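Visitor: heads up, no residue letters with this:
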């Protein structure tokens with residue numbers, strides 16, 4: 001080989017200097033021997049040279065070391081090197097040739113059959129441009145004008161909004177807005193009495209009541225609100241440090257030994273199925289899935305992704321360890337119990353869960369191992385099964401995204417959109433990489449039909465930098481009509497002043513791109529709420545794997561309650577909502593509460609032994625008292641006409657109608673008494689709703705002042 005310099009014509013094996021799969025698509029039967037020519041355009045990074053290659057009528061720029069070139073002499077016809085026909089098995093590229101039975105595992109865990117990737121399904125004499133759109137026998141057609149008609153809407157499928165369906169066992173009265181406890185009970189499986197029965201059978205002490213169980217949950221949540229290093233510290237009556245003594249026993253009426261006894265004996269299942277190693281939590285997960293179908297009507301878009309329950313204890317090599325542990329170095333928690341979940345993409349509410357039970361048990365799941373259905377497709381089908389035939393849309397990342405997933409979901413009435421990275425059998429990935437693109441944000445579109453299912457391959461030129469992959473989407477619906485540009489806040493240094501300043505980068509995008517990226521991170525957001533907001537997994541330590549997994553699922557219920565509460569009310573801060581919920585759980589009035597007479601240390605609340613006791617007059621609340629603790633039974637029979645302010649004509653167009661309460665004088669009253677006026681002046685007699693923690697309404701209804 002001659003000396004390399006700027007302007008020298010060079011040649012090399014195409015698979016060494018270009019994308020291997022793009023070369024395979026152009027010459028499937030001779031890709032290993034294909035030689036390309038190029039010209040050196042300058043010096044690159046380090047000892048590399050910048051080369052512009054000519055391939056399939058396109059000019060492709062890249063950088064390579066001089067050892068990558070087979071010839072540096074400009075000749076009319078470049079010969080094929082003698083060693084190409086029989087590659088050395090120890091060479092760098094030997095795995096790309098001798099890989100007939102090799103299985104490739106991508107970064108997201110999807111297994112791709114390499115024999116499918118290397119299958120010579122393209123016609124040898126076909127034009128290069130057409131070859132890039134013919135993938136494993138599936139012909140794609142480039143749409144120069146994009147796609148303007150949504151396949152889903154063309155079939156008459158309408159978008160729907162999410163709504164909560166309140167069951168009969170939860171109070172449902174428009175005069176008394178639902179409280180955080182109501183939302184918790186809405187999403188918690190309807191088996192509180194059963195859990196009390198199962199747990200009581202394991203406890204040596206007194207039987208567990210629903211009141212105690214909810215109080216136990218409340219203390220568990222409150223521990224995460226004010227964490228301590230030692231669980232014993234929550235019940236300390238004195239403190240020798242700067243931290244305040246929490247004194248849970250006196251404040252909340254549950255001794256530490258009793259709490260520990262419940263935590264130790266907590267049982268979530270009835271009969272024991274010894275054939276299922278996950279039996280301590282399996283029935284509870286199934287009950288969660290059944291409950292969500294009964295009480296929640298999801299919107300038109302779902303998002304499927306994975307979540308994890310942190311576990312640093314023993315693994316399946318020990319009989320007390322977790323049955324299966326997932327190790328993923330790129331995750332914040334490298335060792336965990338992984339579970340796949342499906343969430344409503346508009347509200348973030350988790351609608352279905354499935355534990356990753358291990359390789360052998362996952363093979364026994366529905367649709368697993370069925371010919372023509374990949375593992376990712378089977379997972380999506382199980383998570384979306386209750387909504388088959390409804391025409392809803394599913395958004396998922398590269399773990400699930402493939403032609404196989406899209407086709408199988410569409411056959412069951414679910415439209416799919418995903419980001420393709422490695423599971424590209426039948427997908428024109430080589431075309432997505434090689435197609436000419438202009439500026440950042442440009443898109444190209446191709447369509448195909450498989451088994452009667454229309455598919456869209458949509459590539460977005462973002463970030464649009466050399467060496468950075470473009471984003472390739474596959475979808476069964478959507479349009480490529482231009483959408484508002486995405487705005488990304490950035491910082492840059494002003495060359496004149498030398499100071500850093502804020503600026504916004506705007507990247508154009510289409511409606512299909514916007515739809516995917518607006519919804520793809522919903523479960524990641526829910527995971528942050530659960531792990532960073534609730535912090536139950538990081539605060540409450542345990543040596544029992546089933547307690548750890550249960551605490552994660554309990555956090556899912558709490559986060560669902562938070563997002564459900566935000567659907568009907570102005571969205572509060574998560575910490576504020578957790579405080580409200582913890583207090584309501586601790587001072588609940590379920591069966592067993594009549595055995596207690598517990599006062600809150602803050603002076604907010606005293607639960608009487610009888611619900612017929614005369615309520616105390618409303619008191620002024622300080623900053624530490626702004627916690628909603630509700631006693632719905634104190635109001636008694638309503639002798640006054642209580643109405644929401646929003647029904648008044650003057651508040652008709654106001655989303656959050658509020659006035660000053662005539663009892664406690666706080667700004668935030670949402671009710672008024674239509675049969676009374678204030679001191680005969682004709683003013684509206686505004687009252688605080690019970691959901692604010694005030695008893696202004698009950699006091700007015702009983703005393704009429």
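Guide: Here it is on my side, so go on. Predicted model only: the values in this text are computed from it and were never measured. Numbering: from 1, shown residues only.

Visitor: Just the terminal-to-terminal distance for stretch 239-246.
Guide: With CA to CA, to the nearest Å as the measure, stretch 239-246 spans 9 Å from end to end.

Visitor: quick one: buried residues of that stretch?
Guide: Neighbour-count burial for stretch 239-246, counted by 16 or more other CB atoms under 10 Å, picks out residue 246. Using the backbone N, CA and C atoms, a C-beta is placed for each residue, glycine as well.

Visitor: contacting residues around that stretch?
Guide: Residues from elsewhere that reach stretch 239-246, judged by CB atoms under 8 Å, 6 or more residues apart in numbering: 226, 228, 233-238.

Visitor: Turn those residues into a markdown table, including distance to residue 689 and secondary structure.
Guide: Formatted as a markdown table, the contacts of stretch 239-246 follow (distance: CB to CB, whole Å; DSSP: H, G, I helix; E, B strand; the rest coil):
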| residue | distance to residue 689 | secondary structure |
| --- | --- | --- |
| 226 | 28 | coil |
| 228 | 34 | coil |
| 233 | 36 | helix |
| 234 | 32 | helix |
| 235 | 34 | helix |
| 236 | 37 | coil |
| 237 | 36 | coil |
| 238 | 39 | coil |
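
Visitor: Out of those residues, which two sit at the greatest distance?
Guide: Spatial extent of the contacts of stretch 239-246 (CB to CB) is set by the pair 226 and 238 at 16.6 Å.

Visitor: neighbour-wise, which of the two wins?
Guide: residue 226 (14 against 6; other CB atoms under 10 Å).

Visitor: sorry, back to before: and the contacts of stretch 239-246, which of them are buried?
Guide: Among the contacts of stretch 239-246, those scoring as buried are 233-236 (criterion: 16+ other CB under 10 Å).

Visitor: Closest to residue 302 out of those?
Guide: For the buried ones among the contacts of stretch 239-246, the nearest to residue 302 is residue 234 (39.1 Å; CB to CB).

Visitor: Do I have it right that that closest one meets residue 250?
Guide: No - at 11.8 Å, residue 234 does not count as touching residue 250 under the criterion of CB atoms under 8 Å.

Visitor: if I look at the two, which residues touch both of them?
Guide: Common neighbours of residue 234 and residue 250, using CB under 8 Å, 6+ apart, do not exist here.

Visitor: Would you mind measuring from the residue nearest to the spatial centre of the chain to residue 335?
Guide: Nearest to the mean C-alpha position of the chain, counting by CA atoms, centre = their mean, stands residue 523 at 0.7 Å. Using CB to CB, to the nearest Å, residue 523 is found at 20 Å from residue 335.

Visitor: Also residue 10?
Guide: Counting by CB to CB, the separation of residue 10 from residue 335 is 49 Å.

Visitor: These two: who's more crowded?
Guide: residue 10 (26 against 17).

Visitor: and the more buried one, bridged to which residues?
Guide: Beta-bridge partners for residue 10, by DSSP bridges, are residue 38.

Visitor: Let me see the confidence value for it.
Guide: We have a pLDDT of 87 for residue 10.

Visitor: Test my guess that it contacts residue 54.
Guide: No - Residue 10 lies out of contact with residue 54 (CB under 8 Å); the separation is 11.3 Å.

Visitor: what touches both of these two?
Guide: By CB under 8 Å, 6+ apart, residue 10 and residue 54 have these common neighbours: 37-38.

Visitor: Now the terminal residues of stretch 48-68, how far apart.
Guide: From its first residue to its last, stretch 48-68 covers 10 Å (CA to CA).

Visitor: And it, what's buried?
Guide: By neighbour count on 16+ other CB under 10 Å, the buried set for stretch 48-68 is 49-51, 53, 55-56, 60, 62-64, 68.

Visitor: Now render the residues you listed as JSON lines, adding distance to residue 394, pLDDT and secondary structure.
Guide: Compiled in JSON lines, these are given as follows (distance: CB to CB, whole Å; pLDDT from 0 to 100; DSSP: H, G, I helix; E, B strand; the rest coil):
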{"residue": "49", "distance to residue 394": "46", "pLDDT": "85", "secondary structure": "strand"}
{"residue": "50", "distance to residue 394": "43", "pLDDT": "88", "secondary structure": "strand"}
{"residue": "51", "distance to residue 394": "43", "pLDDT": "89", "secondary structure": "strand"}
{"residue": "53", "distance to residue 394": "40", "pLDDT": "87", "secondary structure": "strand"}
{"residue": "55", "distance to residue 394": "37", "pLDDT": "86", "secondary structure": "strand"}
{"residue": "56", "distance to residue 394": "35", "pLDDT": "82", "secondary structure": "coil"}
{"residue": "60", "distance to residue 394": "35", "pLDDT": "88", "secondary structure": "strand"}
{"residue": "62", "distance to residue 394": "37", "pLDDT": "87", "secondary structure": "strand"}
{"residue": "63", "distance to residue 394": "40", "pLDDT": "87", "secondary structure": "strand"}
{"residue": "64", "distance to residue 394": "42", "pLDDT": "84", "secondary structure": "strand"}
{"residue": "68", "distance to residue 394": "43", "pLDDT": "78", "secondary structure": "helix"}
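
Visitor: Okay then, goodbye and thanks.
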